[in-house]
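> requesting a structural model of the entry that follows:
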Amino acid sequence: MRRSLEAAVRAVGAAEAGGALVGGLASEAAYLARVGAELDDDLALAQQEPDPRARDLWADWLADRAVEHRRLCADLRRQAHRASARSGAGRLSLASDQLAFLEAGLRLPPHRPQG
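Numbers count the residues shown, from 1 in each chain. Predicted coordinates for the structure are as follows:
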């Protein structure tokens, strides 16, 4: 769970550092970090449960929550990668447009004022 969260946080950070518009992805990462910490705390408590049946039920419930947490972290990672890709594609498109504009400008005959 922790590795999945760390990978998601790194992906969001990389997208931000690359100039991608990540919107609320950073706050989603912070939320997932809080939920992950709560799950870790609950797991520690479950391990101390003296009743084996209660401990097993709690562990099963926590396992389901951990799977969902990892899925949400993977979704966040994908969203950050998409934001990075859109940002990179946008910069590439802008550079291509600027190059085409410069090439077109070079092909125009020089402007001679009428006078």
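> look up the closest residue to Arg55, ignoring the ones flanking it.
Distance criterion C-beta to C-beta, 6 or more residues apart in numbering; nearest residue to Arg55, sequence neighbours excluded, is Glu49 at 3.9 Å. Glycine gets a C-beta too; all of them are placed from N, C-alpha and C.
> for Gly23, same thing?
If you skip the residues right next to it in sequence, Gly23 has Ala83 as its closest partner in space, 7.9 Å away by C-beta to C-beta, 6+ apart.
> does that neighbour lie in a helix or a strand, and which?
Ala83 belongs to helix 52-107 when assigned by DSSP states H and E.
> low pLDDT regions in this structure?
Applying pLDDT under 70 to the predicted model, the residue ranges of the chain that meet it are 88-115.
> how near is the residue nearest to Arg55 to Ala83?
42 Å (C-beta to C-beta, to the nearest Å).
> equivalent analysis for Leu76, please.
The spacing between Leu76 and Ala83, counted by C-beta to C-beta, is 11 Å.
> where do the contact lists of these two overlap?
Counting by C-beta atoms under 8 Å, 6 or more residues apart in numbering, the shared contacts of Leu76 and Ala83 are Leu25.
> check contacts around the residue positioned nearest the centre of the chain.
Nearest residue to the geometric centre of the chain (C-alpha atoms, centre = their mean): Ala80, 2.9 Å. Contacts for Ala80 (C-beta under 8 Å, 6+ apart) come out as Ala8, Ala11, Val12, Ala14, Ala15, Ala20, Val22, Leu25.
> over to Ala66?
With the criterion set at C-beta under 8 Å, 6+ apart, Ala66 makes contact with Met1, Leu39.
> cool, and the one 3 residues further on?
Contacts here follow C-beta under 8 Å, 6+ apart; on that basis His69 touches Met1, Ser4, Leu5, Leu32, Val35, Gly36, Leu39.
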